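Engineer: missing the sequence, but the structure's below:
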């Protein structure tokens, strides 16, 4: 099973057919993804289930429905066990961005965190769950696949928001402040934090 977000509403990729309550189901093989996105963004429907036969091919089939953007990002801890957050588009988020050239996804994640926040001395600790969400740019929907990594750093310098990327704030947040920030964040970020 996979979850793909359209805003805060999930599209569940599954092999199980369930009685519909608060959601509706479509066959993954024949779904009109534009119709699904419209349903989730214009109605009070809570979620959509896309049903396929083979659990190993659910994601592969889904990713063929829209152009895909590959990104890498980090959930970064400092020596005080605070988490690094960015503020962009009036929401709290974790730093992430698209791959460039032939860099590995780990290199992408490290570069993007440093570019978006000014934080140096980053070290990957372990991979975190991959997230999927649908967004719209220039009138076209795309699927963003973000590979996340837990990172650590002893960096104590000044934080620099990457303003040309729309980032207005970068902050280290303790556990309590992070929970508050998540109230104004994205569903896929709440899953990670």
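Structural biologist: Okay, I see it. Every value quoted in this text rests on a predicted model; they were computed, and no experiment measured them. Numbers count the residues shown, from 1 in each chain.

Engineer: longest helix in this structure, please.
Structural biologist: helix 105-117 (DSSP state H).

Engineer: average model confidence for that helix?
Structural biologist: If you average the pLDDT over helix 105-117, you get 98.

Engineer: ok, then the element right after that helix?
Structural biologist: Going down the chain from helix 105-117, the next helix or strand is strand 123-127, by DSSP states H and E.

Engineer: counting contacts, what elements does that following strand pack onto?
Structural biologist: helix 105-117, strand 140-152 (3 or more CB pairs under 8 Å, 6 or more residues apart in numbering; DSSP states H and E). All C-beta spots, glycine's among them, are computed from the backbone N, C-alpha and C.

Engineer: gap between the two ends of stretch 163-172?
Structural biologist: End-to-end distance for stretch 163-172: 18 Å, by CA to CA, to the nearest Å.

Engineer: quick one, helices of this structure?
Structural biologist: All helices of the chain, identified by DSSP H, fall at 33-42, 58-63, 105-117, 175-182, 187-192.

Engineer: residue 160 contacts residue 115, doesn't it?
Structural biologist: No - between residue 160 and residue 115 there is no contact under CB atoms under 8 Å: 9.3 Å.

Engineer: what about residue 132, neighbour count?
Structural biologist: 20 (other CB atoms under 10 Å).

Engineer: repeat for residue 67
Structural biologist: 10.

Engineer: now it: closest residue in space that isn't a chain neighbour?
Structural biologist: residue 142 (4.8 Å; CB to CB, 6 or more residues apart in numbering).

Engineer: for that neighbour, give me its contacts.
Structural biologist: Residues near residue 142 by CB atoms under 8 Å, 6 or more residues apart in numbering: 66-69, 134-136.
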